[in-house]
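[1] What follows is a predicted structure for the sequence shown.
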Amino acid sequence: MDFFGISFTELVVLAALAFILFGPEKLPEYAEKAGRLVARLRQSTAEMTEQYKKPFQEAKESFRSTAASFPKVPPIPPPPSEFLNEIECPQCGHVVDREFRFCPSCGHNLKEESPYSEVPHEFPCPECLITVTRDFIFCPHCGCGLEEHKKLKKPKAKVN
């Protein structure tokens, strides 16, 4: 533990030396004077610090008031993803690198055509015949499961 760059043992030696030099009668008086001196030094350094801080605070306030009067510049929009090496996942809309095979967000295969690509976006429910979109898992009217009907059924090859 250092106190003004003096170790504890050096501080004890200095205190013993001061006790021997000044004696027990004068030591409290000199300690009080040293305390007042330290207090005055702290006060003067605080005043000097305040004196040098004031111009900087005034400059900062004037800069802020001047900057507030300038018009706001709209941010520059990013370039469209077709100019970058990125594509949007058709399943979840997550933007991914063109080199990705699967979307890291939803796991959709980005290199193969979707089995839903040839299925129309809207189709009739097989139970109630109300038109629903392929986004639904169940018919909102009758509750029929639509997953089986969404899948594209490939025609079987004819064997001659």
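    Structure received.

[2] what's the domain layout of this structure?
    Per automatic domain parsing, the structural domains of the chain span 1-73, 75-112, 115-160.

[3] Just put the ones you listed in JSON lines and tack on mean neighbour count and mean pLDDT.
    C-betas here are computed from N, CA, C, even on glycine. Below are the domains of the chain laid out as JSON lines (neighbours: other C-beta atoms under 10 Å; pLDDT from 0 to 100):
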{"stretch": "domain 1-73", "mean neighbour count": "10", "mean pLDDT": "84"}
{"stretch": "domain 75-112", "mean neighbour count": "12", "mean pLDDT": "77"}
{"stretch": "domain 115-160", "mean neighbour count": "12", "mean pLDDT": "64"}
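
[4] Tell me where this protein has helices.
    Using DSSP state H, the helices of the chain run over 8-69, 147-150.

[5] Of all those helices, which one is nearest residue 89?
    Relative to residue 89, the nearest member of the helices of the chain by C-beta to C-beta is helix 147-150, separated by 18.3 Å.

[6] rewinding a little: TSV for the helices of the chain, including distance to residue 129?
    Converted to TSV, these look like this (distance: least, C-beta to C-beta, whole Å):
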stretch	distance to residue 129
helix 8-69	63
helix 147-150	12
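
[7] Ok, which of those comes nearest residue 85?
    Closest among the helices of the chain, using C-beta to C-beta: helix 147-150, at 31.7 Å.

[8] coming back round to it: how about the helices of the chain, which one is nearest residue 91?
    Using C-beta to C-beta, the nearest of these to residue 91 is helix 147-150, at 13.3 Å.

[9] distance of the residue found closest to residue 19 once you drop the neighbours it is linked to in the chain from residue 33?
    Of all residues beyond its chain neighbours, the one nearest residue 19 is residue 27 (6.1 Å), with distances taken as C-beta to C-beta, 6 or more residues apart in numbering. Distance from residue 27 to residue 33, counting by C-beta to C-beta, to the nearest Å: 11 Å.

[10] which residues sit in contact with residue 109?
    Counting by C-beta atoms under 8 Å, 6 or more residues apart in numbering, residue 109 makes contact with 101, 102.

[11] Okay, and the beta partners of it?
    Under DSSP bridges, the beta-bridge partners of residue 109 are residue 102.
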